[in-house]
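Visitor: what follows is a predicted protein model with its sequence.
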2 protein chains.
Amino acid sequence: MIQVDVNTKQQSYPIRIGTGLLAKPENYAPLKANDKVMIVTNPTVAKHYLDTVTQALTQLGCQVDSVLLPDGEEYKTLESVNLIFTALLEKKHSRDSVIIALGGGVIGDMAGFAAASYQRGIRFMQIPTTLLAQVDSSVGGKTGVNHQLGKNMIGAFHQPIAVIIDTNTLYTLKKREFCSGLAEVIKYGAILDLPFFEWLEQNMADLMALKQTALQYCIQRCCQLKADIVAKDETEQGERALLNFGHTFGHAIESHLGYGQWLHGEAVAVGMLEAAVLSSLLGDLTQQDVARIEKLLIQAVLPTGSPETMQATDYLAYMQRDKKVIAGKLRLILLKQLGQAYISSDITQQQIIDSITHCSQSAITTYNANEC
Amino acid sequence: MIQVDVNTKQQSYPIRIGTGLLAKPENYAPLKANDKVMIVTNPTVAKHYLDTVTQALTQLGCQVDSVLLPDGEEYKTLESVNLIFTALLEKKHSRDSVIIALGGGVIGDMAGFAAASYQRGIRFMQIPTTLLAQVDSSVGGKTGVNHQLGKNMIGAFHQPIAVIIDTNTLYTLKKREFCSGLAEVIKYGAILDLPFFEWLEQNMADLMALKQTALQYCIQRCCQLKADIVAKDETEQGERALLNFGHTFGHAIESHLGYGQWLHGEAVAVGMLEAAVLSSLLGDLTQQDVARIEKLLIQAVLPTGSPETMQATDYLAYMQRDKKVIAGKLRLILLKQLGQAYISSDITQQQIIDSITHCSQSAITTYNANEC
């Protein structure tokens, strides 16, 4: 088992990474006998792992309840979070209870927000079962839900007490979901770590083949990079915003298509390429490096151009509503060079349109999500 | 104008207390020109003060939007908070916007929770217009909503950037609402400050007559007592729980009757007396001091016995569900003597029933909320 430590003002906690972790009670520390826990999951994940987790926790001496939420980004709503509150109250959970998120990013975000808000804040633990959640959303304490007028508009910063990443869960993950997670993996290399980007170029085949050594190193590296940033900037006042590389474009795609059409990572993949093209139009990133990013995305079976139904001008309205707008100015994360990102706030609408158009016209492949 | 400063880890902020504060732009500091604000209020309060506040903020150069929520404790729900999110998104408010709560405790709690959760936290300002909100709920950062299975079960600790208490607002407040606020005023004396309790015994007539000197001193003293406690224990790990004196019994009454029957302060008044009787049954508080509390409550036209439809045994189920239950044990705030409270966690169900029964049998008056 590999351990990465996250240190924040709110909470310091371990990320445990390895195979078969879920079956062993000792991996659930700091949970201990007589703790009362509520597992939040969905039917898909429950089928594979709820029994294993329940059994390990029961063995530890915990009192275990669970609640199943409907599966899918379209259910990442206040109404679903309210189902968690109802379950907690019906089972008389108090301030010393612990919520466990067992699932992907949607489950983690909702369970985390429920934990942040139930009785003004109780503890929670993350057991991410998708690659996306393992390398990104389960670490760092961002929790929340969508509003019909915008994604992730409601939420809280609430750090978990531990993150347990059992890489065996990736064997039951749909391939398309796995590839979506690779978008965030590629992001870390592009914005922060050129050697890791190069490692990905050399090891993408092993990752696609779910080889454990490659998977565990990859997840560890991403968690470490994220932990370092979160430690420095817990509530995204500055540097943490770099992690949003590709996300402002990507959220526009997700909003335009409606939740559940493209996966988050798919939209982010296109968004990263659009941001990379913009960086090259500004004279920072070389065209060769843009091509390296595109090649890696294609190796990960990710899209590299806008959805067919979306014009460059369609992006703008959604982007203006982004959380990263400050005093009416759109902030974008761009690349100075491969492995080095920065925050820009003086990009014109025309530059955004140019980069999207340029990106779509030069896309090597046309992506059809259903064929993935 | 009197100023009381609150210092917490999350935020330090001023409470400004005086007459006619709402009309003067400078009282809204740290708000400044070009700030974007969303005033959250209800139709009743809006009628009296929304124009005044909007005008002052516009004069300051702020961009002002407002949203009206339905009036009443029964609307203190996630659905109402969602109306605030919708208004914020429709008007394109971003992370640097400020929510202003203009109203009583219900508005303050919901606006504060919306501010804690919108885009994972934006600033907010409290303008409490009821005595209850002025002396209690607007100070200290407790925000939240009710769930159908329990009061204040969902929320966050989120400190305001300033609290503006214009005592003129008390002239438009219903007498019954004013008296409800006096319950919390009496609470401060009973649990923390014997001299203030004695001051109340001497000045209750002036308070009931809305004399400004008495009102302002009273509000200042309550805010100072609360600020001192909040500074020491922001998230209610210890001492802050003393402020819940009478509230565990009181919440049981509110839950039993359903929201909107008795006002919060009315339920707390009975709860305080029941807790005082319990303290005397334990041999701590003298019967004379119980009588002094009862007399003060009666002077403030507050109830002193359980609702007619509620038996002593009815309390228990509600009390078990209280947030202050830790590891299944009910914690109650009791009095060692007048002006000195403590947290007890070894009270039996029988003792609770005895004190409620004793209290109801010895009640001097039968209370009819509608006659107040």
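Guide: It's in.
Visitor: quick one: pLDDT of residue A:309?
Guide: For residue A:309, the pLDDT comes out at 89.
Visitor: repeat that for residue A:370.
Guide: On the pLDDT scale, residue A:370 is placed at 54.
Visitor: again with residue A:200
Guide: Looking at residue A:200, its pLDDT stands at 98.
Visitor: so it sits in a strand?
Guide: No: counting by DSSP: H, G, I helix; E, B strand; the rest coil, residue A:200 falls outside a strand, being helix.
Visitor: buried stuff in stretch A:332-347?
Guide: Across stretch A:332-347, burial judged by 16 or more other Cβ atoms under 10 Å in any protein chain shown covers A:332, A:333, A:334, A:335, A:338, A:339, A:341, A:344, A:347. For the C-beta atoms, the positions are set from N, CA and C on the backbone; glycine is no exception.
Visitor: isn't the second one right next to residue A:239, touching?
Guide: Same thing as residue A:333. No: counting by Cβ atoms under 8 Å, residue A:239 is not a contact partner of residue A:333; they are 10.6 Å apart.
Visitor: which parts of chain A sit against chain B?
Guide: A:34, A:78, A:82, A:85-86, A:89-90, A:92, A:94-96, A:113, A:116-121, A:142-144, A:147, A:149-150, A:153-157, A:235, A:320-321, A:323, A:325-328 (Cβ under 8 Å from any Cβ of the partner chain).
Visitor: any quick ChimeraX command for the buried ones out of the residues you listed?
Guide: In ChimeraX syntax, the buried subset of the residues of chain A next to chain B is picked out as below (16+ other Cβ under 10 Å):
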select /A:78,82,85,89,94,95,113,116,117,118,119,120,121,142,143,144,147,150,153,154,155,156,157,321,323,325
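Visitor: narrow the residues of chain A next to chain B to those in helices?
Guide: A:78, A:82, A:85, A:86, A:89, A:90, A:113, A:116, A:117, A:320 (DSSP state H).
Visitor: now the fourth one, nearest residue through space, not along the chain?
Guide: The spatially closest residue to residue A:86, leaving aside those adjacent along the chain, is residue B:149, at 6.7 Å (Cβ to Cβ, 6 or more residues apart in numbering or on different chains).
Visitor: any idea how far residue B:354 is from the one you found?
Guide: Per Cβ to Cβ, to the nearest Å, residue B:149 is found 28 Å from residue B:354.
Visitor: again with residue A:62
Guide: Distance of residue A:62 to residue B:354, given as Cβ to Cβ: 36 Å.
Visitor: with residue A:246 instead?
Guide: From residue A:246 to residue B:354 the distance is 65 Å (Cβ to Cβ).
Visitor: can you pull the poorly scored residue ranges out of chain A?
Guide: Applying pLDDT under 70 to chain A flags the ranges A:259, A:322-329, A:362-372.
Visitor: got the domain boundaries for it?
Guide: As assigned by automatic domain parsing, chain A contains the domains A:2-172, A:175-371.
Visitor: nearest to residue B:270, out of these?
Guide: Closest of the domains of chain A to residue B:270 is domain A:2-172, at 23.9 Å (criterion: Cβ to Cβ).
Visitor: share the number of residues neighbouring residue A:54, please.
Guide: Residue A:54 has 18 neighbouring residues, counting by other Cβ atoms under 10 Å in any protein chain shown.
Visitor: element containing it?
Guide: Counting by DSSP states H and E, the element that carries residue A:54 is helix A:43-60.
Visitor: tell me what that helix is packed against?
Guide: Using 3 or more Cβ pairs under 8 Å, 6 or more residues apart in numbering or on different chains; DSSP states H and E as the contact test, the elements touching helix A:43-60 are strand A:36-41, strand A:63-68, strand A:98-103.
Visitor: just send those strands back as TSV, with mean neighbour count too.
Guide: Formatted as TSV, the helices and strands packed on helix A:43-60 follow (neighbours: other Cβ atoms under 10 Å in any protein chain shown):
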stretch	mean neighbour count
strand A:36-41	24
strand A:63-68	18
strand A:98-103	28
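Visitor: now these as a markdown table including distance to residue B:225?
Guide: Below are the helices and strands packed on helix A:43-60 laid out as a markdown table (distance: least, Cβ to Cβ, whole Å):
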| stretch | distance to residue B:225 |
| --- | --- |
| strand A:36-41 | 34 |
| strand A:63-68 | 39 |
| strand A:98-103 | 34 |
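Visitor: wait, residue A:212 touches residue A:19, no?
Guide: Yes: under the criterion of Cβ under 8 Å, residue A:212 makes contact with residue A:19 at 6.2 Å.
Visitor: anything in contact with each of these two?
Guide: residue A:167 (Cβ atoms under 8 Å, 6 or more residues apart in numbering or on different chains).
Visitor: neighbour count: the two, which is higher?
Guide: Set residue A:212 next to residue A:19 and count neighbours by other Cβ under 10 Å: residue A:19 wins out with 16 against 13.
Visitor: if I look at the more buried one, how far off is chain B?
Guide: Using Cβ to the nearest Cβ, to the nearest Å, one gets 34 Å for the distance from residue A:19 to chain B.
Visitor: surely that residue touches residue A:168?
Guide: Yes: if you go by Cβ under 8 Å, residue A:19 and residue A:168 touch, sitting 5.2 Å apart.
Visitor: and residue A:52, how many neighbours?
Guide: 15.
Visitor: ok, the residue nearest to it when sequence neighbours are not counted - contacts?
Guide: Nearest residue to residue A:52, sequence neighbours excluded (Cβ to Cβ, 6+ apart): residue A:22, at 5.0 Å. Contacts for residue A:22 (Cβ under 8 Å, 6+ apart) come out as A:49, A:52, A:53, A:56, A:127, A:164, A:166, A:168, A:169.
Visitor: quick revisit: so residue A:246 and residue B:354 - more neighbours on which side?
Guide: A direct count of neighbours by other Cβ under 10 Å for residue A:246 and residue B:354 places residue A:246 higher, at 28 against 15.
Visitor: which ones are touching the more buried one?
Guide: Residues near residue A:246 by Cβ under 8 Å, 6+ apart: A:183, A:187, A:268, A:269, A:270, A:271, A:272, A:273, A:274, A:275, A:333.
Visitor: just the helices in the stretch 251-372 of chain A please.
Guide: Taking DSSP state H, counting those that start in this stretch, the helices of the stretch 251-372 of chain A run over residues A:264-281, A:287-299, A:314-320, A:349-362.
Visitor: quick one: contacts for the nearest residue to residue A:157 once chain neighbours are set aside?
Guide: Distances taken as Cβ to Cβ, 6+ apart place residue A:141 nearest to residue A:157, at 4.9 Å, with adjacent residues excluded. Contact analysis of residue A:141 by Cβ under 8 Å, 6+ apart lists A:8, A:10, A:11, A:112, A:157, A:158, A:159, A:160, A:230, A:234.
Visitor: which SS class is the second one?
Guide: Right, residue A:10. For residue A:10, the assignment made with three-state DSSP gives coil.
Visitor: neighbours of it, how many?
Guide: Residue A:10: 11 surrounding residues under other Cβ under 10 Å.
Visitor: isn't it up against residue A:157?
Guide: Yes: assessed by Cβ under 8 Å, residue A:10 is found in contact with residue A:157 at 7.2 Å.
Visitor: for chain B, what is the nearest residue in the stretch 101-250 of chain A?
Guide: Nearest residue of the stretch 101-250 of chain A to chain B, counting by Cβ to the nearest Cβ: residue A:149, 3.9 Å away.
Visitor: for the helix or strand where residue A:248 lies, C-alpha coordinates in CSV please.
Guide: Assigned by DSSP H and E, residue A:248 falls within helix A:247-257. Output of helix A:247-257 as CSV, limited to C-alpha atoms (Å, rounded to 0.1, in the frame of the first residue of the first chain):
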residue,chain,number,x,y,z
HIS,A,247,-12.6,23.2,-17.2
THR,A,248,-14.1,26.6,-18.2
PHE,A,249,-14.3,25.4,-21.8
GLY,A,250,-15.3,22.0,-20.6
HIS,A,251,-18.1,23.2,-18.4
ALA,A,252,-19.5,25.1,-21.3
ILE,A,253,-19.6,21.9,-23.3
GLU,A,254,-21.3,20.0,-20.5
SER,A,255,-23.9,22.7,-20.0
HIS,A,256,-24.6,23.0,-23.7
LEU,A,257,-25.1,19.3,-24.2
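Visitor: this completes my enquiry, with thanks.
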